[in-house]
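> Okay, here's the prediction I keep looking at, along with the sequence it came from:
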Amino acid sequence: MKENLVSELCKSFPTPMYVFEEKKLAERVSYIKSRFGGIKICYAVKANPFIVKLLSSSVSRFEVCSGGEYHICNESGIDIEKLVISGVYKTPSVIEEIFARDGDMPIFTAESARQAELIENLAEKYGKRVRLILRLSSGNQFGLSENDIIDIIRKKADSKLFEILGLQYYSGTQKASLKRLKREITAIDDFLTRIYDETGFTARELEFGPGFPVMYFSEESFDEDNYISELCNMLDSMKNRTEITIELGRALAASCGSYLTKVVDTKSCRNENYAIVDGGMHQLVYFGQSMAMRKPFLQVLPQKEEESESIWNICGSLCSANDILVKQLPIKGLSVGDIMVFQNTGAYCMTEGISLFLSRELPTVLIIGANGTASESRKQYETYKLNMSDKIC
Ligand SMILES: Cc1ncc(COP(=O)(O)O)c(C=O)c1O
C-alpha cells in the first residue's frame, strides 16, 4: 500500500485493521475473467464476506455455505438466483426461509441424500421447482459418493420439483499441481460418462472448484498464466461437454486485502529482539505458515532506509507463546508506532483466527472505494460484549 494512504488511514481509524481495496479487486477479477474466457466465475463467499457487494455485478454466482453468508448476500443486494446454496450442513430453518421468500430461487447443492430430501420436501411444500447440483465427494465428509449420485439421478431426474443441472466438485485449496488437476478432471469426466451410461442423464453443468493457489511467502513462485491456460485446456478437452463454472475464493480475494497492525512495544531478551504488535494470530492466519518461519509479503512503514538493520521476531498481543507472526525478520530502524502492512491478506486471513481468545477486539474493516475514499465496513468491535447477556449490556 502507498505510505501516505497507510498514514492517513491510521490517523482516522484504529489499528489493527483490514483494508480491502475495490480497485485492486476489480483489476484481479478482470484479469481472471479475461484468462478464463467464456467460463463463468462463482465467488466462494467464505473467502471474504466483506467484498460481496463489490463483486455483485462482476461474477456470475456466489457460493454460500451458511445462514450468515446467505444473509450477507441478501443484505448486499445480490440477486437470489445468483446464489448457490451449498455446504455440508444446510440449516433447515435457513433453507425454509429461502423457500418462503417470494420470487426467484437460488441454486441448491445436495451433499447427501438427506439434503436432497430436505430440499425436495420444501419444494413440494412451497410449490416451487428448484435447480439442483449434486456435489461429488473427493473422499471426505463433503459431497455424495458416485453411487449415491446415480441413485438420486435415477429417482429424481424426472421429478417436477427438481431441475438437476449437474455436478459440483471441490477437493481442497492451494492446489498448484497440474497433474492432480488433470487426474481430478479426468475422473469427473469418466463419472459423467458413467452417469449417462447408467441413467441416460446428461449433465448440463459442472461447477468446479480447482483450489486455485495463491502465493503468500516471498520464497514461493507460481506461473499463474500457465496454470490457467492448462486448466482451461483440461476442461476444454473433457469428453462430456457441459457449461463450466469455476468456483474461486482466495484467487479472487487475496490480493485486494492488507492487514495493518501497529508496533506497540519492543524489547530484547536472551539475544532475541521482539516487536509486539496490537494485532496477532487471532486476526491474521496464513495458509501454509509454519511456526512463523516463512516470510509473508509485508511492508514496515514509515520506511527508514538510512537506518541500520536488526533481526526481529514479530509477536502479537495474545498470552500465547505461539502468537508470533514472523520470526527473524530483518527490518531497518524498527520502532514503536511503526505500522506493519501484511499484504495479500484479503482471503480467509481475517476469519480463520481464534478471534475470541483474550477477549480482544475484532479489527476494523475498511473498504477503499474505487474513488479512493475509505469507509468503515465494520467498526472495531469489542468482543467482551459477546460474553454478556442483553440484560447486562
Ligand atoms: C465448495 C467450495 N468451493 C470453493 C471454495 C473456494 O476455495 P479456494 O479459496 O481454494 O478457491 C471452497 C473453499 O473451502 C469450497 O469449500
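Sure thing, it's come through. Residues are numbered from 1 along each chain as shown.
> hey, let's count contacts and neighbours off CA atoms from now on
Noted.
> Contacts only, for the residue of the stretch 1-150 of the chain found nearest the ligand.
The minimum distance from the stretch 1-150 of the chain to the ligand, using CA to the nearest ligand atom, falls at Ala44 (5.1 Å). Neighbouring residues of Ala44 by CA atoms under 8 Å, 6 or more residues apart in numbering: Phe62, Glu63, Val64, Glu247, Leu248, Gly249.
> Can I have the buried ones of these as a ChimeraX selection?
To isolate the buried members of the contacts of Ala44 in ChimeraX, using 16 or more other CA atoms under 10 Å:
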select :62,63,64,247,248,249
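> Farthest pair within the contacts of Ala44?
Set against one another by CA to CA, the contacts of Ala44 have their most distant pair in Val64 and Leu248, with a gap of 12.1 Å.
> got a list of contacts for stretch 347-360?
Residues from elsewhere that reach stretch 347-360 (CA under 8 Å, 6+ apart): 18, 46-48, 249-250, 253-254, 257, 281-287, 318-319, 361-362, 382-384.
> Now, of the residues you listed, which are buried?
Buried subset of the contacts of stretch 347-360 (neighbour count, 16+ other CA under 10 Å): 18, 46-48, 249-250, 253-254, 257, 281-286, 318, 361-362, 383.
> and those residues, which of them are in helices?
Helix and strand membership here follows DSSP state H; of the buried ones among the contacts of stretch 347-360, those in helices are Arg250, Ala253.
> From the buried ones among the contacts of stretch 347-360, which land in strands?
Tyr18, Gly257, Glu361, Leu362 (DSSP state E).
> can I assume the third one is in contact with Arg378?
No - contact criterion CA atoms under 8 Å: Glu361 and Arg378 do not qualify, at 11.6 Å.
> so what sits against both of these two?
Contact with both Glu361 and Arg378 is made by no residue, according to CA under 8 Å, 6+ apart.
> What is the burial count for Ile98?
Counted with other CA atoms under 10 Å, the neighbours of Ile98 add up to 18.
> Near the ligand, which residues of the protein are found?
Residues of the chain lying near the ligand by CA under 6 Å from any ligand atom: 44, 47, 170, 173-174, 209, 211-212, 247-251.
> Next up, the contacts around the residue of the stretch 251-393 of the chain found nearest the ligand.
Evaluated by CA to the nearest ligand atom, the stretch 251-393 of the chain has Ala251 as its residue closest to the ligand, separated by 5.8 Å. Contacts of Ala251 were listed using CA under 8 Å, 6+ apart, and they are Phe212, Pro213, Val214.
> Could you point out the helix or strand that follows the helix ranked longest in the chain?
When secondary structure is assigned using DSSP H, the longest helix within the chain turns out to be helix 178-199. Sequence order places strand 205-209 as the next helix or strand after helix 178-199, per DSSP states H and E.
> Can you list the strands that that next one pairs with?
Partner strands for strand 205-209, per DSSP bridges, with pairing direction: strand 162-170 (parallel), strand 243-248 (parallel).
> what are the ranges of the strands in the stretch 51-200 of the chain?
61-64, 83-85, 107-110, 130-135, 162-170 (DSSP state E, counting those that start in this stretch).
> which of the residues in stretch 81-97 are buried?
By neighbour count with 16+ other CA under 10 Å, stretch 81-97 contains the buried residues Lys82, Leu83, Val84, Ile85, Ser86, Gly87, Val88, Lys90, Ile95, Glu96.
> can you pull the contacts of the second one?
What that stands for is Leu83. Contacts here follow CA under 8 Å, 6+ apart; on that basis Leu83 touches Arg61, Phe62, Glu63, Val64, Pro106, Ile107.
> Ok, the third one next?
Applying CA under 8 Å, 6+ apart, one finds that Val84 lies in contact with Arg61, Phe62, Glu63, Val64, Pro106, Ile107, Phe108, Thr109.
> That one and Ile107: what is the separation?
Shown here: Val84 relative to Ile107, a distance of 5 Å by CA to CA, to the nearest Å.
> Could you look up the SS state of Glu230?
At Glu230 the chain is in helix, as set by DSSP: H, G, I helix; E, B strand; the rest coil.
> Tell me where the model's unsure across this protein.
Residue ranges of the chain with pLDDT under 70: 389-393.
> Helices along that one, start to end?
Under DSSP H, the chain gives helices at 3-12, 22-36, 67-75, 92-100, 113-126, 146-156, 178-199, 224-236, 250-253.
> Name the residues of stretch 43-58 that come out as buried.
Counting neighbours by 16+ other CA under 10 Å, stretch 43-58 gives 43-56 as buried.
> cool, and stretch 322-334?
Asp323, Ile324, Leu325, Val326, Lys327, Gln328, Leu329, Ile331, Lys332, Gly333, Leu334.
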